[in-house]
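Q: the following block contains a protein sequence and its predicted model.
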Protein chains: 2
Amino acid sequence: MTQSLAPDDCHLGLLTDVYELTMAAGYHVHGMAEQRATFELWVRRLPECRNYLVAAGLEQAAHYLQHLSFSPEQIDFLRGHPTFRDVPENWLERLASFRFDGDLWAIPEGTVVFAGEPLLRVTGPLMTVQIVETYLITTMTMQTLVASKSARVVTAARGRPIIDFGSRRAHGPQAGLLAARASYIGGCTGTSNMEAGRLLGITALGTQAHSWIMAFGNEIEAFRKFGQVFPQASTLLIDTFDTVQGARNAIASGAPMQAVRLDSGDLAVLSQQVRRVLDEAGRRDVQIVASGDLNEHKIANLLAVGSPIDIFGVGTELVTSRDDPSLNTVYKLVEQETPQGAVGRFKLSRDKKTYPYAKQVWRQCAPDGTFVKDVIGRATESLPGEPMLIPVMEAGQLVGPLTTLDDSRARCLAQLERLPKELLSLDRALPYSVQVSDYLEGELRRLISSPT
Amino acid sequence: MTQSLAPDDCHLGLLTDVYELTMAAGYHVHGMAEQRATFELWVRRLPECRNYLVAAGLEQAAHYLQHLSFSPEQIDFLRGHPTFRDVPENWLERLASFRFDGDLWAIPEGTVVFAGEPLLRVTGPLMTVQIVETYLITTMTMQTLVASKSARVVTAARGRPIIDFGSRRAHGPQAGLLAARASYIGGCTGTSNMEAGRLLGITALGTQAHSWIMAFGNEIEAFRKFGQVFPQASTLLIDTFDTVQGARNAIASGAPMQAVRLDSGDLAVLSQQVRRVLDEAGRRDVQIVASGDLNEHKIANLLAVGSPIDIFGVGTELVTSRDDPSLNTVYKLVEQETPQGAVGRFKLSRDKKTYPYAKQVWRQCAPDGTFVKDVIGRATESLPGEPMLIPVMEAGQLVGPLTTLDDSRARCLAQLERLPKELLSLDRALPYSVQVSDYLEGELRRLISSPT
């Protein structure tokens, strides 16, 4: 079972760019719609502020391919759209029974990946594999973006749990779910999003907001009343009026308490002061949760000065990947069956060069398991290292169950251990070595000099 | 009729932060759930790179409030969740019939707004107005973010159309729809998203991608074949191999052509060269569309050097609001009915001060219509200027039809005309004057000195 993380399933056909459909119609008219073709999806270059990425989004990509169809209303809309007025009716009829019946290879979720490496390889009828471009790019980009950011934040926290607090800052309600999922793959421990808890099984956490305190007007009363409803030890929010006094009030309230939360002010100073108040009251057991516009750099700085913070809540910066909220993900035609046989396809636009043919990526490791370099080659090559793309769908069907979310998260954490240490730096490091096979370089030269 | 722009409607209850539900349960247990309370939603401060914001997202906010409910599966999940194990069963029973039955006041979509101004004012039973916090923030933030960015990009283009090309870079498929909608409110002319065309009536545009050219291997053939399927004049993509040669090939193909598109390289240089090729071929009628990581600054620079570009496609930068992908939106308790009467609520956290009481914003204008200043006062005050918040829902029902999307877009364009000119600068300008009424300042002082 795959999950869409859209609020409900629907006819996904028109959730695509107009030009995917004009091209689909064009291939149909020219008898090319059934020609087998391969597209690959990859991130063209790493953001300035990233040394690696964490692949995520495959489950939603596979879900989309399993459920993609066009509703009668959508087909009627196309029929009436000025762009499609000259397209033959039999194309629209074809859309009515359209299903994805191609093959999907992918790098599993939670894998550390780099620029240029195909995360997905989609093979099928040309028209089919063209239509799916937009949705696959958006789905893979969003989750890979957030999983990659999450891994950095988790690294900065050096073992302390990170909780995703970002649902309200995500780009819409669905993005909040996708961000909770991707954050978890990147190593977060929990989420504030209750529906992510239900749908994904991620630990969903939360206690009270400033409005709870404000509704009672009085902190001691507010804490006490909370404890009456939630007699298991809770986290109490202590910064509504004065953080240090808030800590004293939390103790005075007698409410069952496992942690206090600071959400504003100078967290380095306040966490020390609050720790002292707690310790002096004999509450060494009470943890300190910090939140408030945190990111990996702020967390690293807080820990560098010895701030006694046990858990971090991270929102905006995590779920929007604020230092770079996008990846330059592309989905390009790389190989095509023609009456003359398989032809490699490529593009030579300035700074946007692509290599021909369906590909595989081989990762080479040192004896201790550390990643040494990746080589991108033609899928039919046999190169040293471990092949990273594995089959996911065949003729439109899943070949087996996808990795569970917990396994994807575990994969990510294990892979980060095997990454050359300098790449874990929060600052820019020398790039990891990703090479293109001699065969592919040669084929690109050959094809440029004698285009088909 | 409101539209969710989620792929389908569903039980929205758990699309919220855990703490909204713990507090809801707490209010229920303490007999406070039915106390009437008012929350307001506003953006705490403008991003560094914004002089104003454009309010957007109200229709999806209202849709959510109309359709919010909890499914039996969601209630069962809460029943089994460790956080809620001590919560009485009658709270869960209450959720089963839960509906939003409060009042909503709002600033209409397309209105130019500033930091501190309530975009929404929600009044109803305390438990009800608490639960809706997360969804309202995410919905209003995402669309206000993108509409505000859109207005800047549209301003930079000085009358040339901007098309939203960003679906693939939006943070998930739903975000793509939300971004298309918000971009349109901010002044964009069309979108590449076909489903946004169908659901929202925005002009949906697009022709072919590089893969179409690559599938034929040969530009002249690719253009000619496209023209056979789409005999109305199309836009031809000319940068797959060599942009200037691509322009010659477009002409040579004889395909019906209304524009050519450049998607890479130095657009200032290439647009001049392509214009010359077109003009020398007697095709002064053919327009030039430019795309490729554009934003308001790049567009302004291209036009400043006289680039003959007629239409811009903008994607990543627009739909992610890349220079700042988030707004510091908050939703705070400001007033509460208690057995002692209406009490103003506020918060004093460092840098996060809030003012008490349900509010209104009055906008004062010069005789020529130019906005002069806004004053935020208590809703019961009567201040000079035009009140900006209007009633939208009463007791859970819409009081009338919402503004149409076209009217919201027209409002935005009209309001930008009335903004002090320096605020339209793409760089930071002196802030617009937003004041708090003497009454509210006095009440805050009074309440601080004698907290209830």
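A: On my side now, so go ahead. Every value quoted in this text rests on a predicted model; they were computed, and no experiment measured them.
Q: rest of the way, CA atoms for contacts and neighbours
A: OK.
Q: does chain B sit close to the helix or strand containing A:L199?
A: Here A:L199 is covered by helix A:194-200, with elements defined by DSSP states H and E. Yes. On the criterion CA under 8 Å from any CA of the partner chain, helix A:194-200 is in touch with chain B at A:194-195, A:198.
Q: got a list of contacts for the helix or strand just after that helix?
A: The first helix or strand that comes after helix A:194-200 along the chain, using DSSP H and E, is helix A:210-216. Helix A:210-216 is contacted from outside by A:219, A:222-223, A:237, A:240, B:23, B:332-333, B:336, B:345-347, using CA atoms under 8 Å, 6 or more residues apart in numbering or on different chains.
Q: stretch A:431-447 too?
A: Here stretch A:431-447 has contacts from A:51, A:114, A:344, A:346, A:355-356, A:372-378, A:423, using CA under 8 Å, 6+ apart.
Q: what ranges does the stretch 1-150 of chain A have for its strands?
A: A:36-43, A:53-54, A:103-106, A:112-113, A:120-125 (DSSP state E, counting those that start in this stretch).
Q: what's the longest one packed up against?
A: Packing partners of strand A:36-43 (3 or more CA pairs under 8 Å, 6 or more residues apart in numbering or on different chains; DSSP states H and E): strand A:120-125, helix A:126-131, strand A:329-338.
Q: quick revisit: mind listing what's buried in the helix holding A:L199?
A: Neighbour-count burial for helix A:194-200, counted by 16 or more other CA atoms under 10 Å in any protein chain shown, picks out A:194-198, A:200.
Q: just curious, which of those is nearest to A:G246?
A: A:M194 (27.1 Å; CA to CA).
Q: just to revisit the earlier point, reformat the buried residues of helix A:194-200 as JSON lines; add distance to B:R168 and pLDDT.
A: Shown next, in JSON lines, are those (distance: CA to CA, whole Å; pLDDT from 0 to 100):
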{"residue": "A:M194", "distance to B:R168": "27", "pLDDT": "96"}
{"residue": "A:E195", "distance to B:R168": "25", "pLDDT": "94"}
{"residue": "A:A196", "distance to B:R168": "23", "pLDDT": "95"}
{"residue": "A:G197", "distance to B:R168": "27", "pLDDT": "95"}
{"residue": "A:R198", "distance to B:R168": "28", "pLDDT": "94"}
{"residue": "A:L200", "distance to B:R168": "24", "pLDDT": "94"}
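Q: the stretch 301-450 of chain A: strands as residue ranges?
A: Counting by DSSP E, counting those that start in this stretch, the stretch 301-450 of chain A has strands at residues A:311-314, A:329-338, A:341-344, A:359-365, A:371-378, A:386-387, A:390-394, A:397-398, A:433-436.
Q: quick one: A:E133 and A:Y331 touch, right?
A: Yes. Using CA atoms under 8 Å, A:E133 makes contact with A:Y331 at a distance of 6.4 Å.
Q: returning to what we had before: also near chain B: which of the contacts of stretch A:431-447, exactly?
A: A:F346.
Q: among the contacts of stretch A:431-447, name the buried ones.
A: Of these, these count as buried by 16+ other CA under 10 Å: A:51, A:114, A:344, A:346, A:355-356, A:372, A:374-378, A:423.
Q: which of the residues you listed lies closest to chain B?
A: A:F346 (6.9 Å; CA to the nearest CA).
Q: C-terminal to the longest helix anywhere in chain A, what's the next element?
A: In chain A, taking DSSP state H as the definition, the longest helix is helix A:133-156. As assigned by DSSP H and E, the chain's next helix or strand after helix A:133-156 is strand A:162-164.
Q: rewinding a little: close to chain B, is the longest helix of chain A?
A: Yes. Helix A:133-156 is in contact with chain B by CA under 8 Å from any CA, via A:134-135, A:137-139, A:141-142.
Q: just checking, what packs against that helix?
A: strand A:53-54, helix A:58-67, helix A:173-185, helix A:296-304, helix A:316-319, strand A:329-338, helix B:173-185.
Q: TSV please, covering those and showing distance to A:P161 and mean neighbour count.
A: Compiled in TSV, these are given as follows (distance: least, CA to CA, whole Å; neighbours: other CA atoms under 10 Å in any protein chain shown):
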stretch	distance to A:P161	mean neighbour count
strand A:53-54	19	26
helix A:58-67	25	21
helix A:173-185	11	31
helix A:296-304	12	17
helix A:316-319	14	29
strand A:329-338	30	23
helix B:173-185	29	31
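Q: so which of the ones you listed is nearest B:P387?
A: helix B:173-185 (21.3 Å).
Q: average pLDDT across that closest one?
A: Here helix B:173-185 scores 96 as its mean pLDDT.
Q: that one packs against which elements?
A: helix A:133-156, helix A:173-185, helix B:133-156, helix B:194-200, helix B:316-319, helix B:405-418.
Q: those residues of the stretch 201-350 of chain A touching chain B, which are they?
A: Residues of the stretch 201-350 of chain A lying near chain B (CA under 8 Å from any CA): A:204-212, A:214-215, A:217-218, A:225-226, A:229-231, A:239-242, A:264-265, A:316, A:320, A:322, A:324-327, A:332-333, A:336, A:345-350.
Q: so what are the domain limits for chain A?
A: A:18-146+A:324-449, A:157-319 (automatic domain parsing).
Q: mind putting those into TSV with distance to B:D279?
A: Formatted as TSV, the domains of chain A follow (distance: least, CA to CA, whole Å):
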stretch	distance to B:D279
domain A:18-146+A:324-449	24
domain A:157-319	43
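Q: mean neighbour count, the ones you listed: which tops it?
A: Among the domains of chain A, domain A:157-319 has the highest mean neighbour count (mean count of other CA atoms under 10 Å in any protein chain shown), at a mean of 22.
Q: got the end-to-end distance for it?
A: One end of domain A:157-319 sits 17 Å from the other (CA to CA, to the nearest Å).
Q: got it, and stretch A:347-363?
A: 26 Å.
Q: residues contacting the residue nearest the centre of chain A?
A: Closest to where the C-alpha atoms of chain A average out (CA atoms, centre = their mean) is A:Q143, at 1.6 Å. Going by CA under 8 Å, 6+ apart, A:Q143 touches A:55-57, A:178-179, A:181-182.
Q: now for A:P325: which residues touch it?
A: A:145, B:320, B:322, B:325.
Q: who's in contact with stretch A:254-262?
A: By CA under 8 Å, 6+ apart, stretch A:254-262 touches A:223-224, A:226-228, A:231-239, A:243, A:247, A:250, A:271, A:285-291.
Q: in helices, which of those appear?
A: Those of the contacts of stretch A:254-262 lying in helices (DSSP H): A:223-224, A:226-228, A:243, A:247, A:250, A:271.
Q: could those residues be laid out in a markdown table, adding distance to B:A96 and pLDDT?
A: Formatted as a markdown table, the ones in helices among the contacts of stretch A:254-262 follow (distance: CA to CA, whole Å; pLDDT from 0 to 100):
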| residue | distance to B:A96 | pLDDT |
| --- | --- | --- |
| A:F223 | 28 | 97 |
| A:R224 | 28 | 97 |
| A:F226 | 23 | 96 |
| A:G227 | 25 | 96 |
| A:Q228 | 24 | 95 |
| A:T243 | 37 | 96 |
| A:A247 | 37 | 98 |
| A:A250 | 33 | 98 |
| A:S271 | 41 | 98 |
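Q: what's the farthest-apart pair in those residues?
A: A:Q228 and A:S271 (26.5 Å).
Q: coming back round to it: tell me the one of the ones in helices among the contacts of stretch A:254-262 nearest chain B?
A: A:F226 (6.4 Å).
Q: just checking, A:A147 touches A:L178?
A: No. The pair A:A147 / A:L178 is not scored as a contact, 9.9 Å apart, by CA under 8 Å.
Q: A:F98: which of the helices and strands packed on helix A:133-156 is closest?
A: helix A:58-67 (10.3 Å).
Q: check whether that closest one comes into contact with chain B.
A: No. Residues of helix A:58-67 are not located near chain B by CA under 8 Å from any CA, the shortest gap being 10.1 Å.
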